[in-house]
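[1] 3D, please:
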Amino acid sequence: MTLIGLDDTDSRERGMCTTYLATRVAEAVAAAGGRIDRRLLVRLNPAVEYKTRGNAALALETDLPAADALELARAELEPLAETGDERTSPGVVVAEGDAASVPDAVADFARRSLREKHAIGDAVALAESVGYRHRGWKEGRGRVGALAAVGAWRAFDDWTYEHICYREFDRCGTPRDVDADSVFEAADAAYPDAWDTVDSVEGEAVCVPNAPGPILFGVRGDDADAVREVAAAIESEPVDREATFLTNQGTDAHLRSAPIDAVRDGRAYWVDGVVAAAPETRAGGHVFVTLRDGEASLSCVAFEPTKRFRDRVRALRPGDRVTVCGEVGRGTLKLEKFAVRDLVETEPVVPTCPECDRSMESAGRGQGYRCRDCETTAAEKATAPLSRELERGWYEVPPCARRHIAKPLVRGGFDAPIHPER
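    Numbers count the residues shown, from 1 in each chain. Here you go, the predicted structure:
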């Protein structure tokens, strides 16, 4: 068996897509008399500055010899990769053996690729130390992701599916012709086995991208048959080719647990804290809230594109205990979801006179309260029940704002009640 890892062939402005290249390579393998046993679509660290959109790398498991596999990958990559973009730096890694036999060092490299940043030299040195063939174009930065994709099957144990349909290549850059009603009907029938196909509140077909690449639409879920059935039910312009990938999308594999004083830029976390002050809506509609844990503090933000999720953040109050999840950049955590652990359920209020049922007045600094008419007194403020819009449990951004790697609440496995968006 042989593993072919591919990465960094697309461009934000020019289009292309490494999943498309992987599909073309798989077709070339079949034409050469080989077979494909597994297709992996692996999302890597979303904080990497070199990424295009979703920072995906691909791996194919085949029965072709390694030398033949490398040549086939090269022949498909060179005419398709957008190397005219200064940010695009493709790489291929080819490994003898199947996905389950990848060395521990490569699996560890893949695991850390979701949570850290690797140098090209480190990837090349590791690939050579374990006898992998590799090829880079320009700087060959794509070898980092390609090596991570090779090691991903051993690195992760939570996998989902995406079925991708591609448009005719000469249509790239033109508006996609996809019937929205058919998307919503198919999505509703398959939920929750297929998720994040649409955003029912925003009225958006999330599965249809806006980028200029060859993807017509991609359907994600926990069941391979379900995602294929949804794709088959969507009415659209001609589908040129299609493929189903195993993927770490929707798994939260990028998150690590850490206290507030240990978070660092360029990584993603679960963090526990207490709301320190009332949330603040700033220019652009972004909502900021600060958490504290002892003397340490952390700014968190729900950006405008997270839409109704911002109302959940605005509903937090000082003293609420929460867990927040997201990537940290410039000292601020970009919220993907949060869990309410404890809610402040009372608030201090001016006491009411028990005789006349009117509000008391301050008796002076540090002297409590009094009723001037009845001469009754109270040493301090009373407490009153506080009506809260939030409940305990998990809240998430809507499908239209979900990162590829972020786990939708509907997948389950969370440690508190869930309030899913769909």
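[2] and the closest residue to Phe303 other than its chain neighbours, how far is that from Arg256?
    Closest residue in space to Phe303, ignoring its immediate chain neighbours: His286 at 5.2 Å, by Cβ to Cβ, 6 or more residues apart in numbering. Placement of C-beta: from N, CA and C, glycine included. In this structure, His286 and Arg256 are 25 Å apart, going by Cβ to Cβ, to the nearest Å.
[3] so the residue nearest to Phe303 touches Pro305, yeah?
    No: at 9.4 Å, His286 and Pro305 do not qualify as touching, with contact defined as Cβ atoms under 8 Å.
[4] the more surrounded of the two?
    For His286 and Pro305, the more surrounded residue by other Cβ atoms under 10 Å is His286, and the numbers stand at 17 against 13.
[5] how much space between that one and Pro238?
    His286 sits 41 Å away from Pro238, taking Cβ to Cβ as the criterion.
[6] what's the answer for Phe109, then?
    In this view, Phe109 and Pro238 are 40 Å apart by Cβ to Cβ.
[7] more neighbours: which of these two?
    Neighbours were counted for Phe109 and for Pro238 using other Cβ under 10 Å; Phe109 has more, 25 against 10.
[8] so that one belongs to a helix, correct?
    Yes: secondary structure of Phe109 (DSSP: H, G, I helix; E, B strand; the rest coil): part of a helix.
[9] got the contact list for it?
    Phe109 makes contact with 118, 123, 126, 147-148, 151, according to Cβ atoms under 8 Å, 6 or more residues apart in numbering.
[10] and what of Phe156?
    Residues near Phe156 by Cβ under 8 Å, 6+ apart: 110-111, 248, 251, 253.
[11] swap in 10 Å and give it another go.
    For Phe156, the contacting residues are 40, 42, 107, 110-111, 114, 246-248, 251, 253, taking Cβ atoms under 10 Å, 6 or more residues apart in numbering as the criterion.
[12] does Glu116 touch Ala110 like I think?
    No: applying Cβ atoms under 10 Å, one finds Glu116 not in contact with Ala110, separated by 11.2 Å.
[13] Gly5 reaches Ala146, doesn't it?
    Yes: counting by Cβ under 10 Å, Gly5 touches Ala146, with 3.4 Å between them.
[14] what residues are shared contacts of those two?
    Residues touching both Gly5 and Ala146 (Cβ under 10 Å, 6+ apart): 42, 57-59, 73, 91-95, 127, 132, 134.
[15] CSV for the residues you listed, including secondary structure, pLDDT and neighbour count?
    Output for the shared contacts of Gly5 and Ala146, formatted as CSV (DSSP: H, G, I helix; E, B strand; the rest coil; pLDDT from 0 to 100; neighbours: other Cβ atoms under 10 Å):
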residue, secondary structure, pLDDT, neighbour count
Val42, strand, 97, 31
Ala57, strand, 96, 30
Leu58, strand, 98, 28
Ala59, strand, 98, 31
Ala73, helix, 96, 27
Gly91, strand, 96, 29
Val92, strand, 97, 28
Val93, strand, 98, 33
Val94, strand, 98, 29
Ala95, strand, 97, 29
Ala127, helix, 97, 24
Tyr132, coil, 97, 26
His134, strand, 97, 21
